[in-house]
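# Coordinates only, no sequence provided:
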């Protein structure tokens, strides 16, 4: 059972309500389509669970949802909070705008809030400096930033992107600004994703390209979005017809909006947000159709990163004490 967020490597806290899936404090499920997600409370992204761990847990979630009175529902989506604190999001047959508001609203708004907080810290330090002196203003600024940084676990500096043949390559954060679409009739879906990285340039297509977009778009969309922009992004996908068809259309739509043949980072914001939405939904649909290899590799990568992060956050005295308690340590083994 996976215990870390595939996107930010945060550890999922346990729950005591779903015996067959005791991981996560917010679970989202769609019984009709057989989908179960763990919603990361750190980055607010939805982690699709593996097929073999899904079905019994969905049934438990459905029973628990129906058995609690503390819930609110629309025709398509419901939210319930169980007595021990687990939150359940029940998906029925939602229209895309309503589903997008639930699925993407929290994460985009949280990103926006973090950017706003950082900007307020800079402005606050600037205005407080005359009152407390440059050193005092700098200390206030650093304190405000530390309050935000201290609430989040360490994040990897590089992005590991899986390819169709099972290999991976590393992207530095700055590499994402060179990402672009190439429209090619010979490509499986009519488009390729071009990514520059430390070893050169790679062209990805199909599920591998969607997986890569899922990894890089949160960096490109780091500013988050308002509800108005989220709704505009949803309309982008709706006008094309489906998430899978949107990738090739996004480049054409960006050109029509007057941005020319540029990288993804230069596309209008609603198109960039729509690309992130479409990448997530297309990757999940591919996974549901049995193409789980890329998802499995991404999960293993998240587990490895989380294990490294856990090691980095252990104080030396704790690591030394654990080493002394290791079986055989007392006997010099």
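Cool, got the structure. From a predicted model like this one, the values you see are computed outputs, not experimental measurements.
# mean confidence for stretch 189-202?
The average pLDDT within stretch 189-202 is 90.
# how far does that stretch stretch from start to finish?
Terminal residues of stretch 189-202 lie 17 Å apart, using CA to CA, to the nearest Å.
# Residues touching that stretch, excluding its own?
161, 163, 169-172, 175, 178-184, 203-206, 209, 212-213, 216, 244, 247-248, 251 (CB atoms under 8 Å, 6 or more residues apart in numbering). For the C-beta atoms, the positions are set from N, CA and C on the backbone; glycine is no exception.
# Now, of these, which are buried?
Buried members of these, scored by 16 or more other CB atoms under 10 Å, are 161, 163, 169, 171, 175, 179-181, 204-206, 209, 212-213, 216, 247-248, 251.
# Out of these, list just those in strands.
161, 169, 171, 180-181, 204 (DSSP state E).
# What segments of the stretch 101-250 of the chain are helices?
In the stretch 101-250 of the chain, the helices defined using DSSP state H, counting those that start in this stretch lie at 206-220, 227-240, 243-256.
# Give me the residue ranges of the stretch 1-150 of the chain where confidence is low.
Across the stretch 1-150 of the chain, residues meeting the criterion (pLDDT under 70) sit at 1, 51, 53, 70-71, 73-75, 93-102, 113-150.
# same deal with the stretch 201-333 of the chain?
For the stretch 201-333 of the chain, the stretches with pLDDT under 70 are 258-262, 286-333.
# separation between residue 173 and residue 9?
Here residue 173 is placed at a distance of 15 Å from residue 9 (CB to CB, to the nearest Å).
# what's the farthest-apart pair in the ones in strands among the buried ones among the contacts of stretch 189-202?
Within these, 169 and 181 form the most distant pair, 18.4 Å apart (CB to CB).
# More neighbours: residue 173 and residue 9, which one.
Ranked by neighbour count (other CB atoms under 10 Å), residue 173 and residue 9 place residue 9 first, with 24 against 13.
# and that one, what element?
Under the criterion of DSSP states H and E, residue 9 resides outside all helices and strands.
# can you pull out the strands in the stretch 51-200 of the chain?
Along the stretch 51-200 of the chain, the stretches classed as strands by DSSP state E, counting those that start in this stretch are 71-73, 77-81, 87-91, 159-162, 168-171, 180-183, 191-197, 200-204.
# what's in contact with stretch 34-45?
5-8, 10, 12-13, 21, 23-30, 46-49, 53-55, 57-58, 61, 89, 91, 106-107, 110, 152-153, 218, 284, 288.
# in that stretch, what counts as buried?
So, applying 16+ other CB under 10 Å, buried residues of stretch 34-45: 35-45.
# Then stretch 242-261?
243, 246-251, 253-254.
# which residues touch that stretch?
By CB under 8 Å, 6+ apart, the residues outside stretch 242-261 that reach it are 181, 183, 189-191, 209-210, 213, 236-237, 240, 262, 266-268, 271, 274-275, 277-279, 281-282, 285.
# Among these, the buried ones, what's the PyMOL command?
Those of those that count as buried under 16+ other CB under 10 Å are selected in PyMOL with:
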select buried, resi 181+190+191+209+210+213+236+237+240+267+268+271+274+275+277+278+279+281+282+285
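# Let me see the domain layout of the chain.
105-155, 159-291 (automatic domain parsing).
# Next, format those as TSV and append distance to residue 76.
Below are the domains of the chain laid out as TSV (distance: least, CB to CB, whole Å):
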stretch	distance to residue 76
domain 105-155	15
domain 159-291	14
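# who wins for proximity to residue 79 among the ones you listed?
Ranking these by proximity to residue 79 (CB to CB) places domain 105-155 first, at 11.7 Å.
# Give me the buried entries from the contacts of stretch 34-45.
The neighbour-count criterion (16+ other CB under 10 Å) marks 5-8, 10, 12, 21, 23-30, 46-49, 54, 57-58, 61, 89, 91, 106-107, 153, 218, 284 among these as buried.
# So which of those belong to helices?
Secondary structure from DSSP state H places 57-58, 61, 106-107, 218, 284 of those in helices.
# so can I have a markdown table of these showing distance to residue 224?
Shown next, in a markdown table, are these (distance: CB to CB, whole Å):
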| residue | distance to residue 224 |
| --- | --- |
| 57 | 30 |
| 58 | 30 |
| 61 | 29 |
| 106 | 10 |
| 107 | 8 |
| 218 | 10 |
| 284 | 22 |
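# ok, of these, which one's closest to residue 17?
The closest of those, once distances to residue 17 are taken by CB to CB, is residue 61, at 8.8 Å.
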